[in-house]
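Asker: please work out how this folds:
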Amino acid sequence: MQAVKSGQYSLQCFFLLLLMMSPAVGFAGPAFTVESASSKLDGSVYFLNAVFTIELPGYVEKAVEQGFELPLAMEIKVLENRKLWLDKEVVFIRQQYRIRYHLLLDAVSVLDVNAGSKRFYASLGEALEHLSVLINFPLLDNNPLSADKKYKAQLRFGVDSKELPVPLKSSSLWENNWALNSDWYEWVVNP
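Answerer: Predicted coordinates for the structure are as follows:
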């Protein structure tokens, strides 16, 4: 079993060297954009609906094709607006995903780290399309929100650079930026 892991690691290192020697693919614009986000109260729970545009640079797609895991994270904050002080964070959610190409299956998996569930797709494009629409994601229950206060929510989505595989984040030869995140998108939450 150890020989298989060692051989797989050697193969990944070989492909990493190939990626580093290949010319960087030009890329304009953000890789992740939050197009829209809103929350709605249903019973006692707020649900989040959001739409993202995901356009990965070529070097990220190549890394996934070569077997490197791509960690993604969606961060959500609900803040209480305060006039004289900084806004108070009421809720913080970090939803994590792991994208990986499986050569033997010729498929791409998306692991929902928080839920522990995995889904398979025929291509990276299909996997990203699935992640680009979020419907009825449980955000919070109504208890922490007070009717006499004002609240806002913020959302961003992107590569979780802290969770990148070591060969990708430690190589000084990469001239490509792995800190790919959307800007914070903000909307009002009505209790």
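
Asker: hey, which helix or strand in this protein has the poorest pLDDT?
Answerer: helix 2-21 (a mean of 49; mean pLDDT, DSSP states H and E).

Asker: could you point out which element follows that helix?
Answerer: strand 32-42 (DSSP states H and E).

Asker: average model confidence for that next one?
Answerer: Mean per-residue pLDDT for strand 32-42: 95.

Asker: stretch 49-59 now?
Answerer: Rounded mean pLDDT across stretch 49-59 is 95.

Asker: enumerate the positions of it that are buried.
Answerer: Neighbour-count burial for stretch 49-59, counted by 16 or more other Cβ atoms under 10 Å, picks out Ala50, Phe52, Ile54, Leu56, Pro57, Tyr59. Where you see a C-beta, it was placed from the backbone N, CA and C, and this is true even at glycine.

Asker: and those residues, which is closest to Glu80?
Answerer: Ala50 (21.2 Å; Cβ to Cβ).

Asker: show the contacting residues for the closest one.
Answerer: Val34, Ser36, Ala37, Ser38, Val133, Leu134, Phe137, Leu155, Tyr185 (Cβ atoms under 8 Å, 6 or more residues apart in numbering).

Asker: likewise for Val51?
Answerer: Contacts of Val51 (Cβ under 8 Å, 6+ apart): Val34, Glu35, Ser36, Ala37, Ser132, Val133, Leu134.

Asker: how about the helices in the protein?
Answerer: 2-21, 58-65, 124-131, 166-170 (DSSP state H).

Asker: in space, what's closest to Ile93 - neighbours in sequence excluded?
Answerer: Ile76 (4.4 Å; Cβ to Cβ, 6 or more residues apart in numbering).

Asker: how close does Ala31 get to Ala179?
Answerer: From Ala31 across to Ala179, the span is 10 Å (Cβ to Cβ, to the nearest Å).

Asker: who has more neighbours, those two?
Answerer: Ala31 (18 against 8; other Cβ atoms under 10 Å).

Asker: touching, that one and Val60? I think so.
Answerer: Yes - taking Cβ atoms under 8 Å as the definition, Ala31 is a contact partner of Val60 at 7.3 Å.

Asker: so what sits against both of the two?
Answerer: By Cβ under 8 Å, 6+ apart, the residues touching both Ala31 and Val60 are Val159, Leu180.

Asker: per-residue pLDDT of Ala107, please?
Answerer: 97.

Asker: what pairs with it across the strands?
Answerer: Note on Ala107: beta-bridge partners by DSSP bridges are His102.

Asker: that one touches Leu124, doesn't it?
Answerer: No - using Cβ under 8 Å as the test, Ala107 is too far from Leu124 to be in contact (10.0 Å).

Asker: any common contacting residues for these two?
Answerer: Tyr101.

Asker: quick one: Arg100 from Tyr151, how far?
Answerer: Taking Cβ to Cβ, one finds Arg100 at 37 Å from Tyr151.

Asker: out of these two, which sits in the busier spot?
Answerer: Tyr151 (22 against 17).
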